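sequence first, then the predicted structure:
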Amino acid sequence: MLICDEYLTPASLDEAFAAMERHRGRYRVVAGCTDTLPWAREGRAGDVEIPVLIDVTKIPELNERHVGDTRVRLGAATPIQRFLDDAALGRAMPAMPRCAVWFADDQIRAQATLGGNAVNASPAADATPCLEAHDAIVELASSKGRRSMPLREFITGPGKTQLAEGELLTGFECDAFPGYGGSFEKVGHRRSLVISVVCLAVMVKLDRDGRTIEDTRLAIAGIRPVPRRLREIEDLLRGKPLAGALLEEAADMPLDLVQSRSRQEYRRDVVRGFLVRGLIAAAKRAGASPDALTRELEAAYG
Amino acid sequence: MVDIHLDAIINGRKVSRDVKPHLRLLDFLRDDLNLTGNKEGCGAGECGTCSVFVDGVLMKSCLMPVAKAQGATVDTIESLAKSGELSVLQKAFHKAGASQCGYCIPGMVMAATAALRANPFADREEIKERLGGNICRCTGYQKIFDAVELARDVQNGRVPATALLETDTADGEVIGKNVRRIDAPSKVSGRLKYAGDMTMPGMLHVQVLRSPHAHARIVSIDTSAALAMDGVESVITAADVPGKDGFGVFVHDQPIMARGKVRYVGEAIAAVAAEDALTAKRAVAAIKVVYEQLAPVFDPDEAMLPGAPVVHDYAPDNITKHIPIRVGDVEAGFAASDLVIEESYSTQAIEHAYLEPEAGLAYVDHDDVVTVVSPSQNITHHRHMLARIIDKPISKVRFIMSPVGGGFGGKEDMIYQGMLALLAMKTMRPVRLVYTREESIISTAKRHPSRTTLRMGLMRDGRIRALAMRMVCDGGAYGLSTEGVMRKAAILAAGPYAIPNVQIDTYGIYTNNTPSGAFRSFGALQTQFATESQLDIAAERLGLDPFEIRRINAMRDGDMTHTKQKLGSVSLMRALEAAEQASRWEAGAPTVRGPSRGDLNHDDVRPSVTLGTRFASGDASSEAAE
Ligand SMILES: Cc1cc2nc3c(=O)[nH]c(=O)nc-3n(C[C@H](O)[C@H](O)[C@H](O)COP(=O)(O)OP(=O)(O)OC[C@H]3O[C@@H](n4cnc5c(N)ncnc54)[C@H](O)[C@@H]3O)c2cc1C
């Protein structure tokens, strides 16, 4: 049970910083609360008494959304559901809608925020590998000023980030990838409401004929302390003709990705299958020429 | 505490109130507004029965601080049936028989309402996906999906509204017919009151102190600080029990709160009744217990060894119950067999996971009748036990069975009713206890974990000549239903097979683990898992079809079971045939299967696990995201 004496909902950043200053050492920031409330239960943190909760979801800047042709800016309080509601956003970040359908369930993703996912920094978080594939920059602010850094520097380990005392995550800025095909592969113990055992974000851009891979982005999570971009695979694929043998070659690159403590062999098998399947799905959504990939390949990894 | 002044529109009415800042929207709706239709099943966003609309968007109200509802429009399950007239979806749930225990149903109906709002043409796969945040433990979901499809078709004019009402029982026959459940409207509307939904004027809230140790002597319990707290009415321990303490289905070995020592992590030690649950919680935290650690035993085989820690003094060998069965001469049977297979099997503890965590309300009525309202699966037995424990004549003890939000055997034990009765007697006020999901998992019975060794002797033609089984079950810290589970496990161990020589021993053993108790199948699963697995192994070794080896050994009409019951009619052959057909079984020994399988990947077989049907379905918002 999460017990507080006061629940504040500041209407601006300044109000939030003032509250944080006033209650220094006695508050906790919350957004969607979907990590915080389950955390404050028996078997985890148990009953937690926090004098002041500061809810940042009503701060306008944290709800901003700018979708441009080359860049996207998203406020930290953006709920995961937006990637399913906002068509322009879905086009600019084509793996994210696919990630969103796998994220918790219809109810929770209406509440769970992108910022919460990043600050919570779970190795099994689903949104962070997508953001990593977009080279996302996190924007931070405190009463003393603002700073920004790449997401991959911000998340330093399981549950660990560079967020400083008195600081808020205000938003993300990242590349837009309109015209890319996106996919998100995820497996856990069931379909909905499941923690990723492995998850993979893939984006592919093809040439006009749908035969050559012009660009691709991949990032994987669930199998290491922090999400990992798969640049080696991106480099291998970029500029090559789309073909099943190439995708399998990519999946077979000896990258030694699985660092989990449990079920390593299983995870390695999954990673290989996900790489091929994710690339096929993203390529198809990018308009792959019908004869570029064989039906046998699709059936094998379907 | 700084109250929040909340202004919101709830089920169409303006609400303007001061609320405690730590409440979740669910607490506010249920406790402050008495809108108990939506339930709490897990408190952690997993089960979905708390789902409500907030500004038209379905949310899990157990994960939402009430302050987030400031200025919002909130609609609960109570909003759907306008003036008692069920919505199309609610009628469809009724018609399709989509409710069993009913505890998940308010959330299911809400999620289904949201699904058909998002896509009025959603197909079954998309419906499944959109209901993915809601868990049902009883129905297996199929009837729920049937109901949503029916409602969709009625809403879209594809089938007439009369389809919601049709029954095929016009001529008054009910057996074998599709009958509408008479209790369904109360469940689909959220109007049915489970124990945790009930309140009484002046009611106190109960919280329980539980043991952090598996095996320890209780040196002292100091409740003075808890009792001194504002709002605390009473604190009880084993010392307050007026009668002969002890409950259990077969042996009365479990005190209503730990007496002298604790035997498992999670065992109740003391209980507090206070004006509100938070005060009771804080009082529980203020109780001081001094323990002296005792060596624990967690493995039933180790518990059977000489010198093992003793869990109960009355059972120095830690054996709760041993059930032996002897038929014929197994050694002679093995000697005469062509093939003898010996294997070992194990099964694990399983939680019932009924959607309704334990809850109960107790009061002493105007005639001094101690009354306990709870979802007990065994009220008459509980009544007799409680009368002895609280030292009252049976006429002064009453049990009322509240709707059971799923039981599966897990609510057969009188785990908390004794504490409630005692607190009602002490305070002379109504008292209510509602378990959290975690508390339910920690402290209540599980399915018996088992270890089995099985020897089976067969003839070359597949006939079983002898079967010898020894199963050791972890009964945990208290007896509960262990004796009955061991009996049924033994009785059914050799399966529905005519075997001339049988030797079976089942043992229920005390350990310092969570007690094991009644759980669907009541022991049959554990022994039959071994026997049926062994039959598959035998089929492979003998080159027989697994169905065939079962037919060869099947008991027939008039046969005698291993425990000497004469069987009038045996439906095993029909069951085998139905299973064979439904699974598209490809006849032959398990080793003959070629590289391709004809039994898989038919239209009625679910493709590999994936999500995202909504992208293909034409749901405008998601499609656009493509
Ligand atoms: C049933 C269930 C299923 C789930 N399924 C998934 C899933 O499939 N995939 C997945 O990735 N996650 C899942 N989650 C986890 C959770 O929903 C996500 O991590 C979510 O993104 C957290 O966001 P939030 O806004 O709810 O976080 P909160 O609980 O509000 O906050 C989480 C942490 O972030 C901090 N924080 C939040 N916002 C800010 C900010 N702007 N500045 C500074 N600090 C901030 C908080 O202080 C807190 O420490 C699930 C959770 C539940 C309960």
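Perfect, I can see it now.

tell me the residues of the stretch 1-150 of chain A that contact the ligand?
A:28-36, A:38, A:56, A:62, A:76, A:103-104, A:108, A:112-113, A:115-117, A:119-120, A:125-127 (CB under 6 Å from any ligand atom). To be clear about C-beta, it is placed using only N, CA and C from the backbone, and glycine gets the same treatment.

make a ChimeraX selection of the buried ones in the residues you listed.
In ChimeraX, a selection of the buried entries from these looks like this (16 or more other CB atoms under 10 Å in any protein chain shown):
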select /A:29,30,31,32,33,34,35,36,38,56,62,76,103,104,108,112,113,115,116,117,119,120,125,126,127
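
am I right that B:R398 falls within a helix?
No - using DSSP: H, G, I helix; E, B strand; the rest coil, the assignment for B:R398 is strand, not a helix.

excluding its backbone neighbours, what's nearest it?
Nearest non-adjacent residue to B:R398, counting by CB to CB, 6 or more residues apart in numbering or on different chains: B:T371, 4.5 Å away.

doesn't B:R383 make contact with the one you found?
No - at 10.3 Å, B:T371 does not count as touching B:R383 under the criterion of CB atoms under 8 Å.

overlap in contacts of those two?
Residues within reach of B:T371 and of B:R383 at once, by CB atoms under 8 Å, 6 or more residues apart in numbering or on different chains, are B:R398, B:F399.

in chain A, what residue is nearest the ligand?
A:G116 (2.1 Å; CB to the nearest ligand atom).

what strand or helix carries that residue?
According to DSSP states H and E, A:G116 maps onto helix A:114-120.

quick check: mean pLDDT of that helix?
Averaged across helix A:114-120, pLDDT comes to 98.

if we look at it, which residues are touching it?
Counting by CB under 8 Å, 6+ apart, A:31-32, A:34-35, A:56, A:62, A:74-80, A:125-128, A:131, A:138, A:151, A:154-155, A:159, A:161, A:163, A:169, A:171-172 sit against helix A:114-120.

from the chain's centroid, how far away is that helix?
Relative to the mean C-alpha coordinate of its chain, helix A:114-120 is positioned 9 Å out (CA atoms, centre = their mean, to the nearest Å).

what does stretch B:465-482 give?
Per CA atoms, centre = their mean, the centroid offset for stretch B:465-482 relative to its chain is 21 Å.

for the stretch 201-302 of chain A, just list every one of the helices.
A:231-237, A:244-251, A:264-285, A:295-301 (DSSP state H, counting those that start in this stretch).

residue contacts, B:S569?
Counted by CB under 8 Å, 6+ apart, B:S569 has contacts B:D557.

look up phi and psi at it.
Main-chain dihedrals, B:S569, degrees, to the nearest 10: phi -140, psi 140.

for the ligand, see how far away it is.
Distance, B:S569 to the ligand, using CB to the nearest ligand atom, to the nearest Å: 48 Å.

show me what contacts the residue nearest to B:M64 when sequence neighbours are not counted?
Spatially, and ignoring its direct neighbours in sequence, B:M64 is nearest to B:L25 (4.3 Å; CB to CB, 6+ apart). The contact partners of B:L25, taken as CB under 8 Å, 6+ apart, are B:V52, B:V54, B:M59, B:S61, B:M64, B:P65, B:V66, B:K68, B:A69, B:V74.

need the buried ones from those residues selected in ChimeraX.
Selection of buried members from the contacts of B:L25 for ChimeraX, criterion 16+ other CB under 10 Å:
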select /B:52,54,59,61,64,65,66,68,69,74
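
export the contacts of B:L25 as CSV, with columns for secondary structure, pLDDT and distance to B:N601.
Below are the contacts of B:L25 laid out as CSV (DSSP: H, G, I helix; E, B strand; the rest coil; pLDDT from 0 to 100; distance: CB to CB, whole Å):
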residue, secondary structure, pLDDT, distance to B:N601
B:V52, strand, 98, 40
B:V54, strand, 98, 42
B:M59, strand, 98, 38
B:S61, helix, 98, 41
B:M64, coil, 98, 42
B:P65, strand, 98, 47
B:V66, helix, 98, 49
B:K68, helix, 98, 46
B:A69, helix, 98, 47
B:V74, strand, 98, 45
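
what's the closest of the contacts of B:L25 to A:L230?
B:M59 (35.4 Å; CB to CB).

pick out the residue of chain B closest to the ligand.
Closest point on chain B to the ligand, by CB to the nearest ligand atom, is B:G45, at 3.4 Å.

how close does that residue get to B:S61?
10 Å (CB to CB, to the nearest Å).

how about the strands in the stretch 101-250 of chain A?
All strands of the stretch 101-250 of chain A, identified by DSSP state E, counting those that start in this stretch, fall at A:137-142, A:145-150, A:155-157, A:160-161, A:168-175, A:181-187, A:198-206, A:213-221, A:228-229.

so for B:R614, which of those strands sits nearest?
Nearest to B:R614, of all the strands of the stretch 101-250 of chain A, is strand A:181-187, at 13.8 Å by CB to CB.

quick check: mean pLDDT across that closest one?
Here the average pLDDT along strand A:181-187 is 96.

stretch B:143-151 too?
Per-residue pLDDT over stretch B:143-151 has a mean of 97.

any residue of that stretch touching chain A?
No - judged by CB under 8 Å from any CB of the partner chain, stretch B:143-151 makes no contact with chain A; its nearest approach is 13.6 Å.

contacts for that stretch?
For stretch B:143-151, the surrounding residues in contact (CB under 8 Å, 6+ apart) are B:88-89, B:91-93, B:95-98, B:108, B:112, B:115-116, B:122, B:124, B:127-128, B:131, B:136, B:159, B:163-164.

show only the entries of the residues you listed found in helices.
B:88-89, B:91-93, B:95-96, B:108, B:112, B:115-116, B:124, B:127-128 (DSSP state H).

good, we can wrap up now.
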